[in-house]
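> whatever this is, show me its structure:
(2 chains)
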Amino acid sequence: GAGVSQSPRYKVAKRGQDVALRCDPISGHVSLFWYQQALGQGPEFLTYFQNEAQLDKSGLPSDRFFAERPEGSVSTLKIQRTQQEDSAVYLCASSPGTAAFYGYTFGSGTRLTVV
Amino acid sequence: QKEVEQNSGPLSVPEGAIASLNCTYSDRGSQSFFWYRQYSGKSPELIMSIYSNGDKEDGRFTAQLNKASQYVSLLIRDSQPSDSATYLCAVIYGNKLVFGAGTILRVKS
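Numbers count the residues shown, from 1 in each chain, chains lettered A, B, ... in the order given. As a prediction, the model looks like this:
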């Protein structure tokens, strides 16, 4: 596609509910990143894929967070048993190279609100 | 802990003035630096990248890098109300970008 597409744009979840957030990167982009952005803060790194391989998941805040990119294209970020502190905007970004030399192109984000 | 520090602002400048945004980073070995603009409720948008010491100009934007001082800046000439946004500094650490918290810029008409 022309840009990075994320869905849903907005998600309201009850505490304890599981959610799945989808990212469709720019066609042909090798690298895919997930970030979490709290209100008034910069994006915080969650995880990084190169093709289908998850090379860095050091930013995932707990074992309730899980990400996959099984065919090296679309990625899903899953959050189990959501908590109020999970409320944030979740940004997906892709890059054409194997490193972030080019900078990222971000999607529009998914705003998650846990009530 | 890899850190990127920015003054949160807000930085207020009159229309037509030069806005100067600053950023410091902790890892002396960092090689690539980026500036993103983020409008309220929108996602970050890449506006400048810089890899070598000195200045890089692109239209009204100039990025400045001083690796010895671990300092990156962004100058916006002839500031316009449409430049009002949060400006995020980002630094490459390994295979990922680490972002500062951003500086809010307000351009008053």
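
> spell out which helix or strand contains B:Ile47, please.
Secondary-structure assignment from DSSP states H and E places B:Ile47 in strand B:45-50.

> right, is the helix or strand that that strand is followed by up against chain A?
Moving toward the C-terminus from strand B:45-50, the next helix or strand (DSSP H and E) is strand B:54-58. No. Legend: contact between strand B:54-58 and chain A by C-beta under 8 Å from any C-beta of the partner chain is lacking; minimum distance shown is 13.1 Å. (C-beta placed from N, C-alpha, C; glycine too.)

> just how off-centre is strand B:54-58 within its chain?
Computed by C-alpha atoms, centre = their mean, to the nearest Å, the separation of strand B:54-58 from the middle of its chain amounts to 12 Å.

> which helices and strands sit right next to it?
Using 3 or more C-beta pairs under 8 Å, 6 or more residues apart in numbering or on different chains; DSSP states H and E, the elements in contact with strand B:54-58 are strand B:45-50, strand B:61-66.

> pLDDT score for the residue in chain B that chain A sits nearest to?
Among the residues of chain B, B:Phe99 lies closest to chain A, at 3.6 Å counting by C-beta to the nearest C-beta. Predicted confidence (pLDDT) at B:Phe99: the value is 96.

> and the residue nearest to it when sequence neighbours are not counted, how far from B:Leu88?
Once flanking residues are discounted, B:Phe99 sits nearest to A:Gly42: 3.6 Å by C-beta to C-beta, 6 or more residues apart in numbering or on different chains. A:Gly42 sits at a distance of 5 Å from B:Leu88 (criterion: C-beta to C-beta, to the nearest Å).

> give me the more crowded residue out of those two.
Legend: neighbour count by other C-beta atoms under 10 Å in any protein chain shown for A:Gly42 and B:Leu88, higher for B:Leu88 (27 against 22).

> show me the contacts for whichever residue of chain A sits closest to chain B.
Nearest residue of chain A to chain B, counting by C-beta to the nearest C-beta: A:Gly42, 3.6 Å away. Residues near A:Gly42 by C-beta atoms under 8 Å, 6 or more residues apart in numbering or on different chains: B:4, B:88, B:90, B:99-102.

> give me the subset of the residues you listed that lies in strands.
Counting by DSSP state E, the part of those found in strands is B:4, B:88, B:90, B:99.

> get me the contact residues on chain A for chain B.
Among all residues of chain A, those adjacent to chain B (criterion: C-beta under 8 Å from any C-beta) are A:31, A:33, A:35, A:40-45, A:48, A:50, A:55-56, A:91, A:98-109.

> same thing but 7 Å
Counting by C-beta under 7 Å from any C-beta of the partner chain, chain A comes close to chain B at A:33, A:41-43, A:45, A:48, A:55-56, A:91, A:99-101, A:103-104, A:106-109.

> any of these buried? List them.
Buried by 16 or more other C-beta atoms under 10 Å in any protein chain shown: A:33, A:42-43, A:45, A:48, A:56, A:91, A:100-101, A:103-104, A:106-109, out of the residues of chain A next to chain B.

> mind checking which of those land in strands?
Secondary structure defined by DSSP E assigns A:33, A:45, A:48, A:56, A:91, A:106 of these to strands.

> let me know the pLDDT of residue 41.
In the absence of a named chain, this looks at chain A. The score at A:Gln41 is 95. That number is its pLDDT.

> chain B is the one I meant
pLDDT recorded at B:Gly41 is 93.

> where are the low-confidence patches of chain A?
Scanning chain A for pLDDT under 70 picks out the ranges A:1, A:98-100.
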